[in-house]
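Asker: Sequence and predicted model, in that order:
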Amino acid sequence: MSRSIDYGNLMHNAMRGLIRRVLEDVAEHGLPGAHHFFITFDTMHPDVEIADWLSDRFPEDMTVVMQHWFDDLKIGDEGFAVTLNFGENPERMFIPFDAIRTFVDPSVEFGLRFETHDGDEEDEGDEDMPALDDAPLRAPRGADEDEGATDAEVVSLDSFRK
């Protein structure tokens, strides 16, 4: 039997560890300066805990913003819990690290994208989609967001996979 090094999973684990450390620092010290996060996650992940009305509204994935108002950020081995405000309606949620699809801090043009593959087959229906390595990840702009925000750098693991 031949053994090989699974660089893709090793990189995913390292990047999730980076997110964990960043969130641990934010939980302890708060967000520094203009830093803020757009975190997109798989709402169908079996360990995600969100309100029923949120999972009904976002049946596949959801992007949350950690910027002006978030509360009680707790970081665990498998994920993080936070209370976010949805139109004056605070909601507690738990997001496992392995449910995260993208993590972006547009204040410093930093972004991570986690790819999922069910084998070596190409996804059907994606023929017209640009390669992720060529497509910048742009964070959505809100009315109160700094106009100086620019595209974030995307780190794609596809180039490391066989």
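Answerer: Received it, and whenever you're ready, just let me know what you need.

Asker: Pull out the buried positions in stretch 11-30.
Answerer: 11-12, 15-16, 19-20, 22-23, 26 (16 or more other CB atoms under 10 Å). Where C-beta positions appear, they are placed from N, C-alpha and C, glycine not excepted.

Asker: do the same with stretch 87-97
Answerer: Here stretch 87-97 shows 93-97 as buried, counting by 16+ other CB under 10 Å.

Asker: can I get those in CSV with secondary structure?
Answerer: Output for the buried residues of stretch 87-97, formatted as CSV (DSSP: H, G, I helix; E, B strand; the rest coil):
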residue, secondary structure
93, strand
94, strand
95, strand
96, strand
97, helix
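
Asker: Contacts only, for residue 75.
Answerer: By CB atoms under 8 Å, 6 or more residues apart in numbering, the residues touching residue 75 are 20, 23-24, 27.

Asker: Identify, from these, the entry nearest to residue 103.
Answerer: Of all these, residue 103 sits closest to residue 23, with 9.4 Å by CB to CB.

Asker: The helix or strand that closest one falls within: how far from the chain's middle?
Answerer: Counting by DSSP states H and E, the element that carries residue 23 is helix 7-29. Here helix 7-29 is found 11 Å from its chain centre; the criterion is CA atoms, centre = their mean, to the nearest Å.

Asker: Likewise for stretch 19-33?
Answerer: Distance, centroid of stretch 19-33 to centroid of chain: 15 Å (CA atoms, centre = their mean).

Asker: any idea how far residue 82 lies from residue 49?
Answerer: Look at residue 82 and residue 49: by CB to CB, to the nearest Å, they are 11 Å apart.

Asker: meant to ask about residue 13
Answerer: 22 Å.

Asker: Residue 75 too?
Answerer: For residue 75, the distance to residue 49 - CB to CB - is 15 Å.

Asker: When residue 82 and residue 49 are compared, which one has more neighbours?
Answerer: residue 82 (21 against 13; other CB atoms under 10 Å).
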